[in-house]
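In: Test case, fold it:
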Amino acid sequence: MLAMRDFRGKLMLPRQAVWRPGAAKWHAHVNAVHVSAPMADWLRNRGSLTARLMARCQQFRVQRLSQETAMCLDDEYAAIGLARRAKVHEREVLLCCDGQAMIYGHTVVPLTASATQWPLFHALGEKSLGSTLFNDPQVIRGKLSFARLHANHPLMRRLIGVQPQASAWGSLPARRSLFWRKGGCLLVTEIFLPGVLALALE
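Out: Residues are numbered from 1 along each chain as shown. From the prediction side, this is the model:
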């Protein structure tokens, strides 16, 4: 388990989660997921992913797949400080460049979060969450962690549901990190599709 710090810089030890088949094993270093150097550069970059994608295409779009109250995943609850799986606010999107999906994004927010902590979350629609986070000086980002998600992972199953070709890829690299604002946290997980490697800087 990774040790994280809260918005005050205080050490926060994640709760111990029970690993179950289909849950991802998250790592502190990108080398653990065995990707090419160009993909590793995408994964470990801490800047705005939205801004990076926009700079590499003519038309950028956020396609919202869902935004609802749902059960968090087996490998999520401990990261957001819950004792067990519970209902959370959940948002899922595809980030697309020139009509092609590049990133599958999955965000969970504890139900205890207040509108003061995340005032724009429920009104995002097809706007980019990343643009909101990176333009807010009150938001603090935690450390990145990395995993390779296989076809039996719940997020991969959801991705395959909207991008059937993903079933042929076997597994895909992903990263996640906590964001903090006024004491509230949200967890953002991003799965990187192979097409991102073909994007050239405009």
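In: Run through this protein and note the low-pLDDT ranges.
Out: 1-22, 201-202 (pLDDT under 70).
In: ranges for the strands of it?
Out: For the chain, the strands defined by DSSP state E occupy 4-5, 11-12, 60-71, 87-97, 100-110, 140-141, 145-150, 171-181, 184-192.
In: Paired strands for the fourth one, with orientation please.
Out: Sheet pairing for strand 87-97, assigned by DSSP bridges, gives strand 60-71 (antiparallel), strand 100-110 (antiparallel).
In: Return the most buried member of those.
Out: Comparing those by mean neighbour count (mean count of other C-beta atoms under 10 Å), strand 100-110 ranks first with a mean of 22. In this view, the C-beta of every residue, glycine as well, is placed from N, C-alpha and C.
In: ok, back up a step: using a markdown table, please lay out the strands paired with strand 87-97 together with distance to V188.
Out: Below are the strands paired with strand 87-97 laid out as a markdown table (distance: least, C-beta to C-beta, whole Å):
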| stretch | distance to V188 |
| --- | --- |
| strand 60-71 | 13 |
| strand 100-110 | 5 |
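In: just so I know, which of those lies nearest V162?
Out: Judged by C-beta to C-beta, the one of the strands paired with strand 87-97 that comes nearest to V162 is strand 60-71, at 6.2 Å.
In: if we look at that closest one, which residues are touching it?
Out: 50, 53-54, 85-97, 99, 101, 111, 122, 124-128, 158, 162 (C-beta atoms under 8 Å, 6 or more residues apart in numbering).
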